[in-house]
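Participant: what shape does this take:
(chains A and B)
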Amino acid sequence: QQPVQSPQAVILREGEDAVINCSSSKALYSVHWYRQKHGEAPVFLMILLKGGEQKGHDKISASFNEKKQQSSLYLTASQLSYSGTYFCGAGGTSYGKLTFGQGTILTVHP
Amino acid sequence: DAMVIQNPRYQVTQFGKPVTLSCSQTLNHNVMYWYQQKSSQAPKLLFHYYDKDFNNEADTPDNFQSRRPNTSFCFLDIRSPGLGDAAMYLCATSRDSLAGQETQYFGPGTRLLVL
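Facilitator: Residues are numbered from 1 along each chain as shown, chains lettered A, B, ... in the order given. Predicted coordinates:
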């Protein structure tokens, strides 16, 4: 079953912050975050493997609440280059399977 | 420098005319995946190979087949493309797929148009 992302779309001005949420009705064993620009392949951002894990680089970070089966992606002081569609991917127990959420469209304006 | 390569980048075919998309990788990863992505939708996994073991998703139509002659190459065959098969096809690789814990690296995709 597909993870659910919220919100579906976000519009920001440069320098503003955003949070994208990903929740699953099934147990989450890992969460992968990707960004995809129009017409391009998804680009890996980060993977969270353990409940309670938090990761980040530059001004993008993420957290994983295994008990609540949720993950959140935090974008701080957004830049124009952050625009794109963000997907969370849920890793399950079946090896090889990564089920993506429906995506969140992020648009950053000058 | 390219890691996952897909050819061609754009493919136009006619309704019902078989088409083959190719993917190659220089990462020596043992797992390769094929996804279908339609406009404004998430990538949908069609199947994957763990080494030579083929794993088909339950809802992948029989019209879609795959071959992996060696570690580096994987092919997606669409036997009789329909208009509904027009999409971006993404190939991805990972080192190991245990419980989905490995990063998947995506190729640039092949955009298929069916006339």
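Participant: now residue B:84: phi and psi?
Facilitator: Backbone torsions of residue B:84, given as degrees, to the nearest 10, read phi -70, psi -10.
Participant: and for it, the neighbour number?
Facilitator: For residue B:84, the count of nearby residues is 10 (other C-beta atoms under 10 Å in any protein chain shown). In short, each C-beta sits where N, CA and C put it, glycine included.
Participant: the one 10 residues further on too?
Facilitator: One way to gauge burial is a neighbour count; for residue B:94, by other C-beta under 10 Å, it gives 23.
Participant: try residue A:61
Facilitator: For residue A:61, using other C-beta under 10 Å, the count is 16.
Participant: for the one 4 residues further on, same thing?
Facilitator: The tally of other residues near residue A:65 (other C-beta under 10 Å) stands at 16.
Participant: which residues in chain A form strands?
Facilitator: Remark: strands assigned in chain A by DSSP state E are A:4-6, A:9-13, A:18-23, A:30-36, A:43-48, A:54-57, A:60-65, A:70-75, A:84-91, A:98-100, A:104-109.
Participant: got these as CSV, with distance to residue B:16 and mean pLDDT columns?
Facilitator: Shown next, in CSV, are the strands of chain A (distance: least, C-beta to C-beta, whole Å; pLDDT from 0 to 100):
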stretch, distance to residue B:16, mean pLDDT
strand A:4-6, 36, 96
strand A:9-13, 37, 97
strand A:18-23, 39, 97
strand A:30-36, 31, 92
strand A:43-48, 35, 90
strand A:54-57, 47, 70
strand A:60-65, 45, 91
strand A:70-75, 42, 94
strand A:84-91, 32, 93
strand A:98-100, 30, 87
strand A:104-109, 35, 96
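Participant: chain B is nearest to which of these?
Facilitator: Closest of those to chain B is strand A:84-91, at 2.3 Å (criterion: C-beta to the nearest C-beta).
Participant: contacts only, for residue 82.
Facilitator: Because you didn't say which chain, this covers chain A. A:35, A:60, A:75, A:106, A:108 (C-beta atoms under 8 Å, 6 or more residues apart in numbering or on different chains).
Participant: to clarify, I was referring to chain B.
Facilitator: Each residue near residue B:82 by C-beta under 8 Å, 6+ apart is listed here: B:15-16, B:63, B:114.
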